[in-house]
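Visitor: here is my input, please return the structure:
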Amino acid sequence: MWPWDFEEPVSPWDLALPEDLQVLVAPYFAPHSVQPLGPNAWVLRGTLVGGDPSRRSEELFRVLMASGYVPSLRRIAPGLYELYVTVEPEAFRRPQRLWIHGLLFLLTVLTTLFAGAFHAGQDPFAHPLALLAGAPFAFSLLAILGSHEMGHYLLARYHGVRATLPYFIPFPHPLIGTLGAVIRIRSPIPSRNALLDIGAAGPFAGILVALPLTMLGIHWSQVVPLHEVSETALHLGEPLLFRILVWLVKGPLPPDTTLFLHPVAFAGWLGFFVTALNLLPSGQLDGGHIAYALFGPLHRIISRVTFVVLLLLGFLWLGWWTWALLILFFIRFDHPAPLNQVSELDRRRRWLGYLAILLFVLTFVPVPLSVG
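Guide: Numbering: from 1, shown residues only. From the prediction side, this is the model:
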């Protein structure tokens, strides 16, 4: 028998809880015992009340998080739960240094303008106004990357998770001009539903912007004979989704021809590539979030299998070894559990997760880049 398994919950007035916390908890959780862990943390053991435990626990979390508390919940016996509540740490609420976001964005605009100008056949070093020729590429790529990260940010805010605005990463290279963008999650993810929403929002938001831009870029691209292509030209691997769009816009290409991509089409291709990279089901990549939300502890196996597959794919394209090393030393394999270990993934989100897996299949290509 559990020592806190009493027949009747104790009166809220007998609890060592702040009055505001008692009011917040009472409609959802009937405590049998309370143990203070300090001036700003408490452990409550008792039962969830008012209906389905999964739904009620998520409602409880929304109320507590909106009021400045950080809860976590686990099942300790059939019908009995342990609720840990702490006051939200000050670090979670630390103001953002917006000037850093703005500076990085402006630098990334500049580096992508340079890259776009080179793609347009212009030399901005010789003619600074030639930077304007890079605007279609820069606008398209930054729109895709920005929408991807804002998808994460907005869904994080929706679920009460503290997150930063996107940090764009300038990269002064004539091919791409940027290494993408990232946001920082400052507070823990409350539930598997929230985890899937936040993880999947980025890829879906990015691909919704990438699709029309890619189709427009393909429309502007030229079909050229293969014999006119230089032996040192850069060849792009075509993910299935990109092939479908080429077929829809251009129709079947004549034999012995290829598509010379307009800079906007290349930006769209990069958007597909970034989507596939983020959907790799490993660690805390977007695909790792989705895999954990869908499969729970099996994420540990999926993450390690992904690493092995990347090592094997490295024999086809060396870039996969770079990603394998990033996962091994920085992204890592494992994923923290959501705070709410009682709520279950609902059916709608489960299908959203399966759709994200399909998106990965449609955008992944084993050999993204090759020469000659």
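
Visitor: output the longest helix belonging to the protein.
Guide: helix 192-220 (DSSP state H).

Visitor: I'd like to know which elements that helix is packed against.
Guide: helix 135-158, helix 240-250, helix 263-278, helix 286-295, helix 347-363 (3 or more Cβ pairs under 8 Å, 6 or more residues apart in numbering; DSSP states H and E). Heads up, the C-betas are built off the backbone N, CA and C, glycines and all.

Visitor: CA atoms of the longest one as CSV?
Guide: Put plainly, it is helix 135-158. Extracted in CSV, the C-alpha atoms of helix 135-158 (Å, rounded to 0.1, in the frame of the first residue of the first chain):
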residue,chain,number,x,y,z
ALA,A,135,17.8,39.5,-54.4
PRO,A,136,15.6,36.7,-55.8
PHE,A,137,17.8,34.0,-54.4
ALA,A,138,18.3,35.8,-51.1
PHE,A,139,14.6,36.6,-50.6
SER,A,140,13.6,33.0,-51.5
LEU,A,141,16.1,31.3,-49.3
LEU,A,142,15.5,33.5,-46.3
ALA,A,143,11.8,33.3,-46.7
ILE,A,144,12.0,29.4,-46.5
LEU,A,145,14.5,29.4,-43.6
GLY,A,146,12.6,32.1,-41.7
SER,A,147,9.2,30.4,-42.1
HIS,A,148,10.7,27.1,-40.9
GLU,A,149,12.1,28.7,-37.7
MET,A,150,9.0,30.8,-37.1
GLY,A,151,6.9,27.7,-37.3
HIS,A,152,8.9,26.3,-34.4
TYR,A,153,8.7,29.6,-32.5
LEU,A,154,5.0,30.2,-32.9
LEU,A,155,4.0,26.7,-31.9
ALA,A,156,6.4,26.8,-28.9
ARG,A,157,4.7,30.0,-27.8
TYR,A,158,1.3,28.4,-28.3
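
Visitor: about what we covered before: a markdown table please, covering the helices and strands packed on helix 192-220 and showing mean pLDDT, distance to I176 and mean neighbour count.
Guide: Output for the helices and strands packed on helix 192-220, formatted as a markdown table (pLDDT from 0 to 100; distance: least, Cβ to Cβ, whole Å; neighbours: other Cβ atoms under 10 Å):
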| stretch | mean pLDDT | distance to I176 | mean neighbour count |
| --- | --- | --- | --- |
| helix 135-158 | 98 | 8 | 22 |
| helix 240-250 | 97 | 17 | 16 |
| helix 263-278 | 98 | 6 | 25 |
| helix 286-295 | 98 | 19 | 26 |
| helix 347-363 | 98 | 17 | 17 |
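
Visitor: quick one: closest of these to H101.
Guide: Nearest of those to H101, taken as Cβ to Cβ: helix 135-158 at 10.7 Å.

Visitor: C-terminal to the closest one, what's the next element?
Guide: strand 167-170 (DSSP states H and E).

Visitor: could you pull out the buried residues of the helix or strand following that next one?
Guide: The helix or strand immediately downstream of strand 167-170 is strand 178-182, counting by DSSP H and E. Residues of strand 178-182 classed as buried by neighbour count (16 or more other Cβ atoms under 10 Å): 178, 180-181.

Visitor: make a markdown table from the residues you listed and add pLDDT and distance to L285 to it.
Guide: Compiled in a markdown table, these are given as follows (pLDDT from 0 to 100; distance: Cβ to Cβ, whole Å):
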| residue | pLDDT | distance to L285 |
| --- | --- | --- |
| T178 | 97 | 18 |
| G180 | 96 | 12 |
| A181 | 96 | 14 |
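
Visitor: out of those residues, which comes closest to G116?
Guide: Among these, and counting by Cβ to Cβ, the member closest to G116 is T178, at 10.9 Å.

Visitor: hey, what's that closest one bridged with?
Guide: P170 (DSSP bridges).

Visitor: for it, give its distance to A356.
Guide: Distance of T178 to A356, computed by Cβ to Cβ, to the nearest Å: 24 Å.

Visitor: so where's this structure shaky on pLDDT?
Guide: Scanning the chain with the threshold set as pLDDT under 70 gives 1-15, 372.

Visitor: A helix includes L316, no?
Guide: No. Counting by DSSP: H, G, I helix; E, B strand; the rest coil, L316 is not found in a helix; it is coil.

Visitor: residue contacts, H152?
Guide: By Cβ atoms under 8 Å, 6 or more residues apart in numbering, the contact set of H152 is 163, 183, 198-199, 201-202, 286.

Visitor: and if we set it to 7 Å?
Guide: 183, 198, 201-202 (Cβ atoms under 7 Å, 6 or more residues apart in numbering).

Visitor: from those, which two are the most distant?
Guide: I183 and A201, at 11.0 Å, using Cβ to Cβ across the contacts of H152.

Visitor: between the two, which is the more surrounded one?
Guide: A201 (24 against 20; other Cβ atoms under 10 Å).

Visitor: any idea how far the more buried one is from A267?
Guide: Taken as Cβ to Cβ, the span from A201 to A267 is 21 Å.

Visitor: about what we covered before: can you put the contacts of H152 in TSV and add distance to V87?
Guide: Formatted as TSV, the contacts of H152 follow (distance: Cβ to Cβ, whole Å):
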residue	distance to V87
I183	24
I198	23
A201	28
G202	30
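
Visitor: quick check: W42 is in a helix.
Guide: No. Counting by three-state DSSP, W42 falls outside a helix, being strand.
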